[in-house]
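Chemist: Predicted coordinates and the sequence they were generated for:
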Amino acid sequence: MSKTVSFKNNDRFIQIGIAIVTLRKLRGMSQEKLAEKAGISRSLLSVIEAPGTAHNFTLDVFFDIADALEVDPADLISASMIPDKMLKGRKS
């Protein structure tokens, strides 16, 4: 599987990374804590969150991160601005 992101999807991966880091910080979680909760390495999470870069990752990883952040994966994909329901998480 190629780790290169196609030009047409570059901005989408960057946007998802921004949404992930924003939600993680709003939840008061470190990269280590989110990575542990999602079952991924901190280094992978760091690459996904890296500002201005796009890193290809699997849907499995994406779903695990969404679950760890307690948000619906569809909301995470469509996040350009973070709606209130995402800030609260599923359990509130």
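Modeler: Structure received.

Chemist: in what helix or strand does the nearest residue to Pro73 once chain neighbours are set aside lie?
Modeler: Nearest non-adjacent residue to Pro73, counting by CB to CB, 6 or more residues apart in numbering: Ala66, 4.2 Å away. Heads up, the C-betas are built off the backbone N, CA and C, glycines and all. If you go by DSSP states H and E, Ala66 is part of helix 59-69.

Chemist: Could I get the contacting residues of the spatially most central residue of the chain?
Modeler: Centroid check for the chain by CA atoms, centre = their mean gives Ile20 as the closest residue, at 3.3 Å. Neighbouring residues of Ile20 by CB atoms under 8 Å, 6 or more residues apart in numbering: Leu45, Ile48, Glu49, Ile65, Leu69, Leu76.

Chemist: Am I right that the second one is in contact with Phe57?
Modeler: Yes - in terms of CB atoms under 8 Å, Ile48 counts as a neighbour of Phe57; the distance is 5.9 Å.

Chemist: who has more neighbours, these two?
Modeler: Just comparing Ile48 and Phe57: by other CB atoms under 10 Å the higher neighbour count belongs to Ile48, 23 against 20.

Chemist: From Leu34, how far out is the more buried one?
Modeler: Going from Ile48 to Leu34 by CB to CB, to the nearest Å gives 10 Å.

Chemist: anything in contact with each of the two?
Modeler: Both Ile48 and Leu34 are contacted by Ile65, under the criterion CB under 8 Å, 6+ apart.

Chemist: Redo the contacts of Ile20 as CSV? Include pLDDT.
Modeler: Converted to CSV, these look like this (pLDDT from 0 to 100):
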residue, pLDDT
Leu45, 97
Ile48, 94
Glu49, 94
Ile65, 97
Leu69, 96
Leu76, 88
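
Chemist: Most neighbours among those, please name it.
Modeler: Highest neighbour count within the contacts of Ile20: Ile65, with 28 neighbours (other CB under 10 Å).

Chemist: What pLDDT is listed against the closest residue to it other than its chain neighbours?
Modeler: Using CB to CB, 6+ apart and skipping the chain neighbours, the partner closest in space to Ile65 is Ala38 (4.8 Å). You'll see Ala38 listed with a pLDDT of 98.
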